[in-house]
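> Provided below for reference: sequence and predicted model.
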Amino acid sequence: MHCCYLPRRSVAAASKSKHVSLLDMKRANNIAITLSRFKVSNDEIKKAILTLDTGILDLDQLQMLLTLLPTSDEIKMLKVGGLPGCLMHF
């Protein structure tokens, strides 16, 4: 699940740069915890969704994934501000 690509910077530039967070820490942690429950890679999850493969994702797992979808506020934030140099895939 690709959100954006940020170019690499030197360690000195990275330490001076401002940290940008699109999600609050609690939401980011909840997403990470939920995704860690799946025993397959993000690419395999994507493929299972696109091919409707119920052998990989059952109804309960799909319902868990629905809770991870971006909120309308998060979508607006990305559309309005986003991150400079970010390639978004919606």
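Here it is on my side, so go on. Numbers count the residues shown, from 1 in each chain.
> Please work out the average pLDDT along stretch 27-44.
For stretch 27-44, mean pLDDT is 90.
> tell me which residues in that stretch are buried?
residue 38 (16 or more other C-beta atoms under 10 Å). Every C-beta, even on glycine, is put in place using the N, C-alpha and C of the backbone.
> gap between the two ends of that stretch?
Counting by C-alpha to C-alpha, to the nearest Å, you get 23 Å between the two ends of stretch 27-44.
> List the contacts of that stretch.
1, 21, 23, 45, 48, 56, 61, 64-65, 67-68 (C-beta atoms under 8 Å, 6 or more residues apart in numbering).
> Just the buried ones from the residues you listed?
Neighbour counting by 16+ other C-beta under 10 Å classes 45, 48, 56, 61, 65 among these as buried.
> Widest-spaced pair of these?
Every pair in those was compared (C-beta to C-beta); the two farthest apart turn out to be 56 and 65, at 11.7 Å.
> The least confident helix or strand in the chain by mean pLDDT: what's the following helix or strand?
The weakest-scoring helix or strand in the chain, judged by mean pLDDT, DSSP states H and E, is helix 11-16 (a mean of 50). Heading C-terminal from helix 11-16, the first helix or strand you meet, by DSSP states H and E, is helix 25-36.
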